[in-house]
Structures are given as C-alpha cells and as structure tokens.
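Peer 1: give me a model of this one.
(2 chains)
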Amino acid sequence: MAVAGADPDERVGAPRWSDRLVVRPEIGSLLGALLVFVFFSVVTEQFLSVGGVATWLDDASTLGIVAVAVALLMIGGEFDLSAGVLTASTALVTAILATRLGWNVWLALAVSLAFALAVGALNGWLVVRTGLPSFIVTLGTFLALQGLNLGITRLVTGTVQVSGMRSTAGYESAGFLFASTFSLGGTSFYVSIVWWVLFTAVASTLLMRTRFGNWIFAVGGAAATSRAVGVPVVRTKVLLFMTTAGAAWLVGSINILRFTSVQANQGIGLEFQFIIAAVIGGCLLTGGFGSAVGAAIGALIFGMARQGIVYANWDSDWFQLFLGVMLLAAVLVNNALRRRAERVRR
Amino acid sequence: MTSPEGARTLLEVKDIGKTYGSVIALRDVSTVVRAGEVTCVLGDNGAGKSTLIKILAGVHQHDRGSLLSEGREIRFSSPREALDHGIATVYQDLAVVPLMSVWRNFFLGSEPTVGFGPFRFLDRRKGRSVTREALAGMGIDLRDVEQPVGTLSGGERQCVAIARAVHFGAKVLILDEPTAALGVKQAGVVLKYVARARDRGLGVVLITHNPHHAYPVGDRFLLLKRGRALGCHRKADISLAELTRQMAGGAELEAPAHELRGDAG
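Peer 2: Numbering: from 1, shown residues only, chains lettered A, B, ... in the order given. Predicted coordinates for the structure are as follows:
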C-alpha cells in the first residue's frame, strides 16, 4: 500500500475546494477586502478613481510593511508593542544626525538601521532569556522609546520636532529610493507602495518556502517540541524581533524623507494597528498560524476603509467602530479555522 | 524474541545518580541499551523514569556515575548533542507541532532544500514524497501528508514522531510514555511500530508504567522505585505476573488487597 513519489494518494481524490480554501489563513481577509472595496466603490465616486486608488494604496503601504513583519513575529509566537514608536525613533535618529551633525543622509540611515536592529535584538534577547511574555517586555521598550524620543529631541532642538531634511547632503538620492513618486496613468503613486509589495513578497516566500519559515511556524506552534528536534528557537525569535525593527526603520525612513520633518510623539498607537492588520490577515494571537499576504491584505482593508470614510464625507470617528467590528469578526473567523485545523479525528 | 548476548551495546548507564538541590531523584541506576533490543523502564510516578531519560536525551546532566555511548564515556550538554550522537527522544505530549502539516513536522529541523546561498528554498516535492515513503516503510498509511498533524489521532501522532526518528538515522530511540494517553487499540498500534523500529536494529528505550504494554515488546526491564533500581531483568528471567507484582509495589499492595477483599466479602 506504499504510494511513493509525488503522485497524490488515490484515496484523497479531488479534495473539496471548500476544504482546501478554509485552511488558507488569509481567506477571511480577502473576503473582507472585497467587501470593503465594493462597498466604497458604490457609495463614493472618488474611491475607484486613479487618484483615489493611489491614496488608499499609499495609506495601506506604510502600515502594511510593518504589519507583515509583525505577522511573521506573531506566527513565531511573540508580540511587539514597540514597533509603532520605533518608526518615530528611527526617523528622529536619522533626522538629528543629518540636520544637527551635518552627516550624509545615507550614513545617518545606516546608523538608524543599526539602532533599530539593536532595539529588536534587545527585545528578542530579553524575551527569550527571561521567558517573560513579549507583551510586557515590549511594552517596556515602547514606553522607554517614547520617553527617549521626547527627551532627546527636546534636549537637542529645544522643541518636539526635527525638521530641515531637505537641505542635507544625500537627501536627493535617498529621497528617490524611499519617498519618490512614479507616474501611472497620469497619476503619481508613492514608491512606498512598491516597497510594501516587495516586502510582502519576500516575507511570504521566506515564510512558506524556506527552512527559516518552517522554523517560524514551529517556534510559534510549539517551542519546546521545536527545540527537542533541533530547531534554533532563540535565534529564530531574536531574528523575528530584528526583522520587525528593520521594517519599522524602513517606514521611519520613508516618513522622514517624504515629510522632511518628524514629530517626537509620532507613531504612538500604530503598534495596535499593525497587530490588528496581522490578526485580520489570519494570524492567531497564540502563534503558529497566519500569513504574510494576509497581513498585507489586512493593511489594505485599513487603508481602504480609512480613505473611503473620508471620501464618503463621514466623520472619521466611524473608522474606530469599523475597526472594532472588523477585528472581532476576524478573531471569530480565525478561532473557527484553528478549531478546524486542530480537530482530532478518531 | 531475545537477541543474542553479542548484540552491539549502544548505550550503557553505570551507577548513575542525579540530585536536584537536596532531592535525590536518581541513585545508582545501571542498565544497557543494545541494538535491536527494547529496554523498558518501568516505575510509578516519581520513581525517577523522567530523570533517567532526560539524562539520556541531554536535557539534564547526571552528577554521579557514568554514561557510555558505544563504549566511550560522554555527557550531553543539550538535546542537539544527544541527537548528534544518534539518540532521538519522542516525548509523550511534545512529539509534534499540531498546526503544521505532517510532512513539515516530519522534516522539522532537518528540512530538505534546493538552490544555494540566499536562494535556498524548501524542497516541498521531495519533502512530501520522502515523508510518504518513510511512513509507508514503517507501515503507517496516511491519506494526505499536507494535513495538519493536529487532525491525526494520538497514536498516529506518536507514529509520525517514531518514523521521523527512524528515518533520520537514530541509533537509540527513547519513547516517553508513548502509550499513556491512548486507548487499547491505539496503544497496540504504537507498540507495533516500537517492535518495527527494534527490528530495524535500533536500540529502543521504552518508558511506561504499564507492564502489559512493556512485556510483549521488551527484552530487558529496569524497575525503578523512589529513584533507585529495584532490579534489571532479562525477559527470560521474569514473568509478566512477577513484573506486574513488583511494579505494583509487591508486598505493599498485598495488604490493601486483603483489606479490599475483606470489605467486599
């Protein structure tokens, strides 16, 4: 009865398409995105215009870059509450080095990347060494960074913002890479959309097609089991925290080069938006299950709803209600999916 | 059933001891694991079974006596090191990652890849086909290796973990209470795969508190009680009834048995 080779077992037959689909974690978010897209396309006129599309894609892109990284981290079984405020910290480091010390922007960007990776490594190291919940550890980092952002900015500039990036050396070339626009059908799209798509593609390939991706699922699904079969649990988790910090740096760099100034209190509250996008995209809060593409779609839902509400001339307060309903629906769907996946057959 | 005395000794434990602070968990325990034989470790809760296998698996280190792998004295500092010496352990509730597919579980930690450098990707086709072949080779017949392991029954999950250890060239297979949470039929299935691993020349260490599971497959029985060895018997030297009697606490249980009969009568 040994059926070897790549041929499918004949008893499987054609698996019902509904059974195949339901094990895809991103399926719920895809349906949600479709619903939001159709809804705002019908109730507003601008939403489906090229300019409208460019706007909500841009809104989704900077959220999506970090949300995808946070999704990998959540699949690996951990949280990061410091990712939102880190987007401001990295922008501040870049801006202070470039405008106050007169460094070349590229050098400033390299130093702020190193800073971000160090923060990520510290988060990861603290979590795996102490065994404390990452929720608490990164809440600490979140508060510490928030304080540092304000304190250092005020010390250096006397105000709570750093501006003047436009006149720094290397601004043109760095700005081209991170904050330029490209024209498509007569409308300009921000390059951040390209970064978002690229980042999602790389993250999804990493997750589904590489050894490291296999380890991410394993350490989030059952860390002790993974360790017992030789998966480097500590390394995997620390690298995931560093990836999240790296994504926050990318978004921080996009922001500072686009707006040429940064507020010290920026980024607060974003951490929950990242987590919400990842959960809408199918990530379980308990780890071991989820999708990078799903998180990108979760961010897309965010962008579409946020801009759609503006186009519909509604009060933006309704966005919070929408968010809450969306999150609850996503958690319920995810829970049902996991039960299905874990169902023990006798 | 018993293999010749000349079978290769894979692992030998000599007067081994382990203390946790002031608690003596294990003291003066000796046994051997030979290729193609099943060494059963029997004992009640708290007898020291877990401590013994954790030393063998590299989770803990012994602080007295010696551990010999193929005649050379060793001391494992991590489970990875024990694995590198060909000692694989299947834990009762830690055997698999439930939400991952069967083949991803099978290859976890030893994934096949194609390509080079940063473009090394999982060889999913090979992963699936090798998993199906390896499971079939152990007589495990699965419909779909893409299904999450969580959808398998408890016995099937243990079997996947056993097949994995056999496939990746384990010389010694340690099974921690593989039948504890299973029904009668499922336990029988798992024991069948234990016997199959033994027939392939592996040395098996089977931890259990059920002599009825141990006796049919075991060649050597190490009885532990309160951290000490009650005895280490070859199968020829002990009957199932005697094994059960010693396991159950021997004379200690006879008194309550009398009382129970007295109450009933």
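
Peer 1: low-confidence ranges in the stretch 51-200 of chain A?
Peer 2: Within the stretch 51-200 of chain A, no stretch has pLDDT under 70.

Peer 1: stretch B:120-127 near chain A anywhere?
Peer 2: Yes - with Cβ under 8 Å from any Cβ of the partner chain as the criterion, chain A is reached by stretch B:120-127 at B:120-122, B:124-125. Just so you know, the C-beta spots here come from the backbone N, C-alpha and C atoms, and that holds for glycine as well.

Peer 1: which of those count as buried?
Peer 2: Buried members of the residues of stretch B:120-127 next to chain A, counted by 16 or more other Cβ atoms under 10 Å in any protein chain shown: B:121-122, B:124.

Peer 1: ok, of those residues, which one's closest to residue B:14?
Peer 2: Among these, residue B:122 lies closest to residue B:14 (Cβ to Cβ), at 43.1 Å.

Peer 1: ok, that closest one - contacts?
Peer 2: A:209-211, A:213-214, B:111-113 (Cβ atoms under 8 Å, 6 or more residues apart in numbering or on different chains).

Peer 1: what residue lies at the spatial centre of chain B?
Peer 2: residue B:175 (1.5 Å; Cα atoms, centre = their mean).

Peer 1: which SSE is that residue in?
Peer 2: Per DSSP states H and E, residue B:175 falls inside strand B:172-176.

Peer 1: name the nearest of the residues of stretch B:120-127 next to chain A relative to chain A.
Peer 2: Nearest to chain A out of the residues of stretch B:120-127 next to chain A is residue B:121 (Cβ to the nearest Cβ; 4.5 Å).

Peer 1: wait, isn't the closest one in contact with residue A:208?
Peer 2: No - judged on Cβ atoms under 8 Å, residue B:121 makes no contact with residue A:208 at a distance of 9.4 Å.

Peer 1: now stretch B:69-82: mean pLDDT?
Peer 2: If you average the pLDDT over stretch B:69-82, you get 86.

Peer 1: that stretch and chain A, any residue contact?
Peer 2: Yes - residues of stretch B:69-82 are located near chain A by Cβ under 8 Å from any Cβ, namely B:79-80.

Peer 1: tell me the buried residues in that stretch?
Peer 2: B:69, B:76, B:79-80, B:82.

Peer 1: and residue B:186, backbone torsions?
Peer 2: phi -60, psi -40 (degrees, to the nearest 10).

Peer 1: hang on, I meant residue A:168
Peer 2: phi -90, psi 160.

Peer 1: would you mind confirming that it is in contact with residue A:105?
Peer 2: Yes - the criterion here is Cβ under 8 Å, and residue A:168 meets it with residue A:105 at 5.4 Å.

Peer 1: list the contacts of residue B:240.
Peer 2: Going by Cβ under 8 Å, 6+ apart, residue B:240 touches B:211-212, B:215.

Peer 1: what sits closest to residue A:181 if chain neighbours are left out?
Peer 2: Distances taken as Cβ to Cβ, 6 or more residues apart in numbering or on different chains put residue A:188 closest to residue A:181, at 3.9 Å, once the chain neighbours are dropped.

Peer 1: what's the distance between the one you found and chain B?
Peer 2: For residue A:188, the distance to chain B equals 33 Å [Cβ to the nearest Cβ, to the nearest Å].

Peer 1: what's the answer for residue A:264, then?
Peer 2: Residue A:264 is 37 Å from chain B, where distance means Cβ to the nearest Cβ.

Peer 1: ok, that residue - contacts?
Peer 2: Residue A:264 sits next to A:88, A:92, A:149-150, A:153-154, A:160-162 when contact means Cβ under 8 Å, 6+ apart.

Peer 1: for it, which non-adjacent residue is closest in space?
Peer 2: Nearest in space to residue A:264, with sequence neighbours left out and distances taken as Cβ to Cβ, 6+ apart, is residue A:153 at 3.9 Å.

Peer 1: count of neighbours near the one you found?
Peer 2: Using other Cβ atoms under 10 Å in any protein chain shown, the number of residues around residue A:153 comes to 22.

Peer 1: coming back round to it: can you tell me the SS state at the residue nearest to residue A:181?
Peer 2: strand (DSSP: H, G, I helix; E, B strand; the rest coil).

Peer 1: these two touch, right, it and residue A:179?
Peer 2: No - in this structure, residue A:188 is not within contact of residue A:179 by Cβ under 8 Å, at 11.9 Å.

Peer 1: looking at these two, which has the bigger crowd around it?
Peer 2: Shown here are residue A:188 and residue A:179; by other Cβ under 10 Å, residue A:179 has more neighbours (20 against 14).

Peer 1: right, and that one touches residue A:254 too?
Peer 2: Yes - in this structure residue A:179 lies within contact range of residue A:254 using Cβ under 8 Å: 5.9 Å.

Peer 1: which residues touch residue B:168?
Peer 2: Contacts of residue B:168 by Cβ under 8 Å, 6+ apart are B:88, B:110.

Peer 1: hmm, 10 Å instead?
Peer 2: A:229-230, B:83, B:86, B:88, B:106-107, B:109-110, B:134 (Cβ atoms under 10 Å, 6 or more residues apart in numbering or on different chains).

Peer 1: and if you look at residue B:167?
Peer 2: Applying Cβ under 10 Å, 6+ apart, the residues near residue B:167 are B:106-107, B:110, B:130-131, B:133-135, B:137-138.
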